[in-house]
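> Got a sequence here, can you build the structure:
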Amino acid sequence: MKQIESIDKTGTSSVYGNNKSKAMEDLKARTDNIKKMLGEVKDAMDEVFQAYLDTIDDVNDKFEEQFDNYDLMN
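Numbering: from 1, shown residues only. As a prediction, this is how the structure comes out:
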C-alpha cells in the first residue's frame, strides 16, 4: 500500500518505480493469500472447537456409565 501511495503522490516508489499496475497486482496477490490463510485458521479453529465439544460429550458419557455402574452395585 505504501508503495502505491508513493506512486500516487510522487509518481514513483523505491520498489516499483512508476509501475503501479505491478504494485497493485502484488497487493492483490498478497491480500488473496492473507484471505486464504485466514480461512485456513478459521477452519482449524472450528475443528478445535468441535473436538472440544466432542470431548465434553465423551466425558459426559463416561460419567453416566460410571453412575450407572454405581447404581447396579447398590
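
> what about this protein, any weak spots by pLDDT?
74 (pLDDT under 70).

> Is the most centrally placed residue in the chain inside a helix or a strand, and which specific one?
The chain has Val41 as the residue nearest its centroid, 2.1 Å off, counting by Cα atoms, centre = their mean. Following DSSP states H and E, the helix or strand that holds Val41 is helix 20-73.

> Now do the helix or strand containing Glu5 against helix 20-73, angle only.
If you go by DSSP H and E, Glu5 is part of helix 2-10. Computed by axes from the mean of the first three to the mean of the last three Cα atoms, to 10 degrees, the angle separating helix 2-10 from helix 20-73 equals 150 degrees.

> and helix 2-10, what does it pack onto?
Packed against helix 2-10, as judged by 3 or more Cβ pairs under 8 Å, 6 or more residues apart in numbering; DSSP states H and E, are the following elements: helix 20-73. Heads up, the C-betas are built off the backbone N, CA and C, glycines and all.

> Does anything pack onto the helix it packs on? Which helices or strands?
helix 2-10.

> and the helix it packs on, which residues are buried?
For helix 2-10, the buried set under the neighbour-count rule, 16 or more other Cβ atoms under 10 Å, comprises Gln3, Ser6, Ile7.

> TSV please, covering those residues and showing distance to Ser13.
Listed next are these as TSV, based on distance: Cβ to Cβ, whole Å:
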residue	distance to Ser13
Gln3	4
Ser6	4
Ile7	5
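
> From these, pick the one nearest Lys62.
Closest approach between those and Lys62, by Cβ to Cβ: Gln3, at 58.0 Å.

> residues contacting the closest one?
Ser13, Ser14, Val15, Tyr16, Ala23 (Cβ atoms under 8 Å, 6 or more residues apart in numbering).

> And the residue nearest to the centre of the chain, how close does it get to Thr10?
Distance, Val41 to Thr10, using Cβ to Cβ, to the nearest Å: 37 Å.

> And for Tyr16?
Remark: distance between Tyr16 and Thr10 (Cβ to Cβ) = 12 Å.
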